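Visitor: sequence plus predicted model, see below.
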Amino acid sequence: MTVQEIRAFNRFYTNLIGALDYGRQLHAPYTLTESRVLYELAHSTRTDTADLRTELSLDSGYLSRLLAKFERDGLIERTPSEKDTRRRRVTLTARGRGTADLLDERSRESVGTLLSTVPPQDRPRLAEAMRDIRQILSGARRRPPRREDVLLREPRPGDLGWIVQRNAALYTTEYGWNTDYEGLVARIVADFAEDHDPHLERVWIAELDGRPVGSVMCVRDEAPGAARLRLLLVEPEARGLGIGDRLVDACVEFARGVGYRELVLWTNDVLSAARRIYQRHGFVLVDEKPHRSFGADLVGQDWRLDLLDAQE
């Protein structure tokens, strides 16, 4: 491939997605760079100014002016870093998070409009070609994945089906559970898809290199004032990156933020890694009993987190 061919592709694609007039494309007063910084602040675990500059390869003076603009607009707050007071930590305000969410939603709509022009039978080939480009130009990830490479996002079309498929496959492989478990997961996911309150119930997908590697759900429980954490999952190759902790933390903070008094969950004693995550977040074992399910003899456990105590 020649340099000219790569440059021609770059010109084609930046024009296709409206990169040169990104604000008008999304009906928002922010450039592509400004929108990308807001996206990083909304999704990355590393939000020191120095980290943003390194991650996005931005000039320090330009980034400083950009952040000053965000601060004037009430989108961010800058405070000394807890780990190093010489560094400045940048966090989104409530207004900033709402702006980032709106830009993300409009970006998804824009891409959806673009994708609607592609015949359905060609979309898998297009996605695969894009993955190939990303992997080849990144050196097929010569370095191991880092925690900051993982982002948490809302589910997209197909993600709920992925949750069912991966739960069934992993629990069969790792614990020998039969299709009864797949049926249970399918019912849980179907109930959420067909009838859920987006203000009180939510699903998170952990994404690495453009593909899902983890998930968790927060849904209303039958007990008044209680939410239930369900279907925590992390792919084997993505374990060790703190994804389980981030998913549980997102669930806890969401449940607390919308006013639930407690967060409960049911698991089995053989899921030792998951239980350690729950314990780290303050969940307390309140009951356990043996049962036979999914073709195995198990000990079911009920765990509970008092959100009011945790907030105090």
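Guide: Looks like it came in fine.
Visitor: shaky segments in the protein?
Guide: Residue ranges of the chain with pLDDT under 70: 1, 22-27, 45-46, 83-85, 139-143, 310-312.
Visitor: and the next helix or strand past the lengthiest helix in it?
Guide: Ranked by residue count, the top helix of the chain under DSSP state H comes out as helix 94-115. For helix 94-115, the following helix or strand on the C-terminal side (DSSP states H and E) is helix 123-137.
Visitor: where do the strands sit along this protein?
Guide: 76-80, 88-92, 150-153, 202-208, 211-220, 226-234, 262-268, 284-293, 296-306 (DSSP state E).
Visitor: measure the nearest residue in space to Ile188 that is not next to it in sequence to Cys251 for me?
Guide: Computed as C-beta to C-beta, 6 or more residues apart in numbering, the closest residue to Ile188 that is not its neighbour in sequence is Arg230, at 6.0 Å. All C-beta atoms are positioned from the backbone trio N, CA, C, and that covers glycine. Distance of Arg230 to Cys251, given as C-beta to C-beta, to the nearest Å: 9 Å.
Visitor: now swap in Glu105 and tell me
Guide: From Glu105 to Cys251 the distance is 21 Å (C-beta to C-beta).
Visitor: neighbour count winner among these two?
Guide: Higher neighbour count among Glu105 and Cys251: Cys251, with 25 against 12, using other C-beta atoms under 10 Å.
Visitor: surely that one meets Trp204?
Guide: Yes: between Cys251 and Trp204 there is a contact at 7.1 Å, judged by C-beta atoms under 8 Å.
Visitor: what residues are shared contacts of those two?
Guide: Any residue near both Cys251 and Trp204 by C-beta atoms under 8 Å, 6 or more residues apart in numbering counts here, and that gives Val216, Met217.
Visitor: contact partners for the residue lying closest to Phe294 once chain neighbours are set aside?
Guide: Excluding the flanking residues, the one nearest Phe294 by C-beta to C-beta, 6+ apart is Trp177, at 3.8 Å. Contacts for Trp177 (C-beta under 8 Å, 6+ apart) come out as Tyr171, Phe294, Gly295, Ala296.
Visitor: now swap in Ser57 and tell me
Guide: Counting by C-beta under 8 Å, 6+ apart, Ser57 has no contacts.
Visitor: same deal with Asp302?
Guide: With C-beta under 8 Å, 6+ apart, Asp302 has these contacts: Val264, Leu265, Trp266, Leu285, Val286, Asp287, Glu288.
Visitor: switch the cut-off to 7 Å
Guide: Val264, Trp266, Val286, Asp287 (C-beta atoms under 7 Å, 6 or more residues apart in numbering).
Visitor: now do the contacts for the second one.
Guide: This points to Trp266. Gly300, Gln301, Asp302.
Visitor: hey, what's it bridged with?
Guide: Asp302 (DSSP bridges).
Visitor: buried ones among the contacts of Trp177?
Guide: Buried members of the contacts of Trp177, counted by 16 or more other C-beta atoms under 10 Å: Tyr171, Phe294, Ala296.
Visitor: for the second one, give me its contacts.
Guide: With contact taken as C-beta under 7 Å, 6+ apart, Phe294 is in contact with Trp177, Asn178, Asp180, Tyr181.
Visitor: what does it show for phi and psi?
Guide: phi 60, psi 30 (degrees, to the nearest 10).
Visitor: for it, give its distance to Tyr175.
Guide: With C-beta to C-beta as the criterion, Phe294 and Tyr175 are 8 Å apart.
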